[in-house]
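Visitor: Would you be able to build a 3D model of this:
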Amino acid sequence: MNIRDIADIAGVGVSTVSRVINNHPDVKVSTREKVLKIIEEYNYIPNNSARVLKKANTNYIGLLVKGIYNPFFYEMINIIGSIIASAGYSMLYEQGDYKIYQDVDNIISFSNEKKLRGVICLGGNFIDLTDESFSSLNIPVVLTSVNTVSKLGKKTYSSVGIDNVKAAYEATSYLIELGHKNIAIILGKDDDMGATWWRFNGYKKALAEHNINLKEEYILVGEYESEKSYEVTKKLLQEDNDVTAIFALSDIMAVGCARAVVDSNLKLGKDISLVGFDGLDYSKFYTPAITTVKQPRKLMAETSAKLLLSLIKNETENEHILLDTKLIKRESCNKIL
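Guide: Just a heads-up that it's a prediction; the model follows:
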């Protein structure tokens with residue numbers, strides 16, 4: 001039995017249970033009584049509550065990763081771990097679950113139960129952040145490679161990332177400058193309110209500014225998988241002879257897309273132009289090499305770890321940092337008349 005189990009039984013969020021445990025006043029009386037009754041019924045002893053966190057001199061920093069198999073995070077995990085270890089802390093690593101609307105609860109549960117001094121979250125969706133989202137925590141939180149559509153609560157956490165709208169806008173504009181008008185896009189998830197949502201908006205902005213109509217049939221979903229990207233690209237190329245370029249919102253999907261082009265008896269970089277996103281190494285070694293938007297993974301990881309350590313030492317206040325991306329132009333794109 002843990003704090004998340006109590007929250008599930010009570011039908012409330014982990015943050016609400018945490019506020020009840022720590023006697024915060026901003027909880028309805030009926031909700032407080034309900035949670036306390038469940039705690040008593042199940043004989044739950046909140047040894048790892050935020051009250052204990054205040055007193056406990058733990059040496060743990062948490063790293064919560066959403067999408068453990070995402071190669072984009074591999075290098076970042078090692079860099080963050082190395083910086084944390086050099087500072088004299090131990091890193092506790094945990095994979096976030098895939099329930100899209102529970103990322104805030106995952107952070108709170110992880111932090112309270114492991115008595116963390118601070119936590120970095122790699123990836124995830126934070127759709128409905130409010131000024132109270134992290135109010136039950138007494139430790140710094142850094143959200144890395146994360147986007148949220150909410151403008152609230154920014155004083156209660158820090159973030160490190162990129163301007164996804166700008167990056168996608170520049171990639172799409174590059175294809176348009178090469179003469180392409182029929183440009184398909186491969187989204188990660190159709191219900192993703194994080195990176196996919198922002199990059200899709202950058203794509204749409206570029207089309208609109210160049211008076212190019214958005215075609216519903218050109219909006220594909222690759223689920224951040226090479227195989228799924230292959231399937232949807234193959235189907236599109238079988239049904240549409242007009243498409244000349246594809247923008248895949250991750251290099252993982254771009255590789256699947258590239259294979260689908262070849263298996264459709266078309267030439268990548270001639271018949272179909274392709275742009276990926278992330279700047280992963282294997283996009284460089286594909287033949288032909290794939291044009292991609294490179295994210296500064298190393299700098300992003302270093303900035304996140306150093307910012308968290310500064311917050312723990314009270315040397316700085318919460319910050320929201322956007323790092324620059326770079327469009328790496330390779331052989332997968334060509335100019336058309």
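
Visitor: In the stretch 1-150 of the chain, what residue spans correspond to helices?
Guide: For the stretch 1-150 of the chain, the helices defined by DSSP state H, counting those that start in this stretch cover 3-10, 14-21, 29-41, 50-55, 74-86, 103-114.

Visitor: For those, state which one has the densest average packing.
Guide: Comparing the helices of the stretch 1-150 of the chain by mean neighbour count (mean count of other Cβ atoms under 10 Å), helix 14-21 ranks first with a mean of 25. From N, CA and C alone the C-beta is placed, and that goes for glycine too.

Visitor: can you give me the mean pLDDT across it?
Guide: What helix 14-21 shows for mean pLDDT is 78.

Visitor: Now do it: everything it contacts.
Guide: Identification of contacts with helix 14-21 by Cβ atoms under 8 Å, 6 or more residues apart in numbering yields 3-4, 6-7, 10, 26-27, 31-32, 35-36, 39, 46, 49-51, 104-106, 108-109, 112, 132-137.

Visitor: can you check stretch 235-243 too?
Guide: Contacts of stretch 235-243 (Cβ under 8 Å, 6+ apart): 182, 183, 184, 217, 218, 220, 260, 261, 264, 266, 272.

Visitor: What sits closest to the fourth one if chain neighbours are left out?
Guide: Put plainly, it is residue 217. Spatial nearest neighbour of residue 217, excluding adjacent residues (Cβ to Cβ, 6 or more residues apart in numbering): residue 240 at 6.6 Å.

Visitor: in its sheet, what does the helix or strand where residue 247 lies sit against?
Guide: For residue 247, the element it lies in under DSSP states H and E is strand 245-248. In the sheet, strand 245-248 lines up against strand 183-187 (parallel), strand 273-278 (parallel) (DSSP bridges).

Visitor: chain center to it, what's the gap?
Guide: Averaging C-alpha coordinates over strand 245-248 and over its chain gives two centres that are 21 Å apart (Cα atoms, centre = their mean, to the nearest Å).

Visitor: any idea of the mean pLDDT for the helix or strand just after that strand?
Guide: Once the chain leaves strand 245-248, the next helix or strand it forms, by DSSP H and E, is helix 251-263. Averaging pLDDT along helix 251-263 gives 97.

Visitor: Please export the C-alpha coordinates of helix 251-263 as CSV.
Guide: C-alpha atoms of helix 251-263 as CSV (Å, rounded to 0.1, in the frame of the first residue of the first chain):
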residue,chain,number,x,y,z
ASP,A,251,14.2,10.2,-36.2
ILE,A,252,12.9,6.8,-35.0
MET,A,253,9.8,7.4,-37.2
ALA,A,254,11.9,8.9,-40.0
VAL,A,255,13.9,5.6,-40.4
GLY,A,256,10.6,3.6,-40.8
CYS,A,257,9.4,6.2,-43.3
ALA,A,258,12.6,6.0,-45.3
ARG,A,259,12.3,2.3,-45.6
ALA,A,260,8.7,2.6,-46.8
VAL,A,261,9.8,5.0,-49.5
VAL,A,262,12.4,2.5,-50.8
ASP,A,263,9.9,-0.4,-50.6
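
Visitor: From residue 221, how far off is residue 247?
Guide: 13 Å (Cβ to Cβ, to the nearest Å).

Visitor: Also residue 61?
Guide: Distance of residue 61 to residue 221, given as Cβ to Cβ: 35 Å.

Visitor: More neighbours: which of the two?
Guide: Between residue 61 and residue 221, counted using other Cβ atoms under 10 Å, residue 61 has the larger neighbour count: 27 against 19.

Visitor: Identify each buried residue in whatever helix or strand residue 308 lives in, please.
Guide: Assigned by DSSP H and E, residue 308 belongs to helix 297-312. Neighbour-count burial for helix 297-312 flags 297, 300, 301, 302, 303, 304, 305, 306, 307, 308, 309, 311 (criterion: 16 or more other Cβ atoms under 10 Å).

Visitor: export these to a markdown table and tack on pLDDT?
Guide: A markdown table is the format used below for these (pLDDT from 0 to 100):
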| residue | pLDDT |
| --- | --- |
| 297 | 94 |
| 300 | 96 |
| 301 | 97 |
| 302 | 97 |
| 303 | 97 |
| 304 | 97 |
| 305 | 97 |
| 306 | 97 |
| 307 | 98 |
| 308 | 97 |
| 309 | 97 |
| 311 | 96 |
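
Visitor: of all those residues, which two lie farthest apart?
Guide: Largest separation among those by Cβ to Cβ: 297 and 311, giving 21.4 Å.
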